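Asker: based on what follows, work out the 3D shape:
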Amino acid sequence: MKKLEEASRALDALQKQRRDEIFDLLPQYTNSMPFAVIISSYFGVDNVDEAEKVWEQFDPSIRHCYALRRLEDLIQRGKSCAVGHEAPDFELATSTGEKIKLSSLRGKYVLVDFWASWCGPCRRENVNVLKVYERFKDKGFTVVGYSMDSSEKAWLGAVEKDGIPWEQLSGISGVKMDVSKLYGVTAIPSNFLLDPAGKIIGIDLRGESLERKLEQIFEKER
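Answerer: Take a look at the predicted model:
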């Protein structure tokens, strides 16, 4: 596990270096469709402001290309998933086969958590989310997990190994609704914290930042 964590950190550092190098090249390739394909892959709902600035730098003559149209769509969806907006609703079957609708959880603070069994940072974050869940579940907090796995066996195996007690959903088995696309998620781990009215009050809160946010919330409600 220690070697896996070290490898994951090294990979994260290399990916950041590669990202920085690619973004430095943008001024040279503002009329390049292939470059638009490459750079657009780095954006998700958590950084739509940066995505919009990048989109605006591309020459208008190539904004019709698939990559930039997709990026523009992501920006619009990302804005609808921004803090202060009502979270997009969805209904899916859980890992036990029971259907759950996000809006049915109104009245509670809900963390919509996107993860996968193969994602090292996600697995490490499961430990933090479990700690927070156990601490606040009796105060009006719950979690809904959405797996990005393509293998049901790997997904459910990770759920069992990590001891995850909250509801689990996924896009496996030909489910028509891809919740990750609905929320504009292109990288994991990623999460959205919703208030009891279903509005987004936090994005990508991890570790201590999630715990502090919930401490502030429930301290005010005493």
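Asker: can you list contacts of stretch 205-213?
Answerer: Residues outside stretch 205-213 that contact it (CB atoms under 8 Å, 6 or more residues apart in numbering) are 111, 125, 128-129, 131-132, 135, 189, 191, 193, 202. Where you see a C-beta, it was placed from the backbone N, CA and C, and this is true even at glycine.
Asker: any idea of the mean pLDDT for it?
Answerer: Regarding stretch 205-213, the rounded mean pLDDT is 92.
Asker: using neighbour counts, pick out the buried residues of it.
Answerer: 205-206, 210-211, 213 (16 or more other CB atoms under 10 Å).
Asker: between these, which is nearest residue 5?
Answerer: Residue 5 lies nearest to residue 206 out of the buried residues of stretch 205-213, by CB to CB, at 15.6 Å.
Asker: ok, that closest one to residue 99 distance?
Answerer: 29 Å (CB to CB, to the nearest Å).
Asker: ok, now residue 50?
Answerer: 36 Å.
Asker: likewise for residue 171?
Answerer: Residue 171 is 15 Å from residue 99, by CB to CB.
Asker: these two - which one has more neighbours?
Answerer: residue 171 (18 against 10; other CB atoms under 10 Å).
Asker: so what's residue 65 closest to, chain neighbours aside?
Answerer: Distances taken as CB to CB, 6 or more residues apart in numbering put residue 33 closest to residue 65, at 4.6 Å, once the chain neighbours are dropped.
Asker: er, residue 187 actually
Answerer: Nearest to residue 187 is residue 44, by CB to CB, 6+ apart, at 5.1 Å.
Asker: which residues does the strand or helix carrying residue 4 contact?
Answerer: Taking DSSP states H and E as the criterion, residue 4 maps to helix 2-24. The contact list for helix 2-24 (CB under 8 Å, 6+ apart) reads 38-39, 42, 54, 120-121, 124.
Asker: how does it look with 7 Å?
Answerer: 38-39, 42, 120-121 (CB atoms under 7 Å, 6 or more residues apart in numbering).
Asker: neighbour count, distance to residue 88 and pLDDT added to those residues, as CSV?
Answerer: Listed next are the contacts of helix 2-24 as CSV, based on neighbours: other CB atoms under 10 Å; distance: CB to CB, whole Å; pLDDT from 0 to 100:
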residue, neighbour count, distance to residue 88, pLDDT
38, 13, 28, 95
39, 24, 26, 95
42, 18, 23, 89
120, 17, 28, 93
121, 17, 24, 93
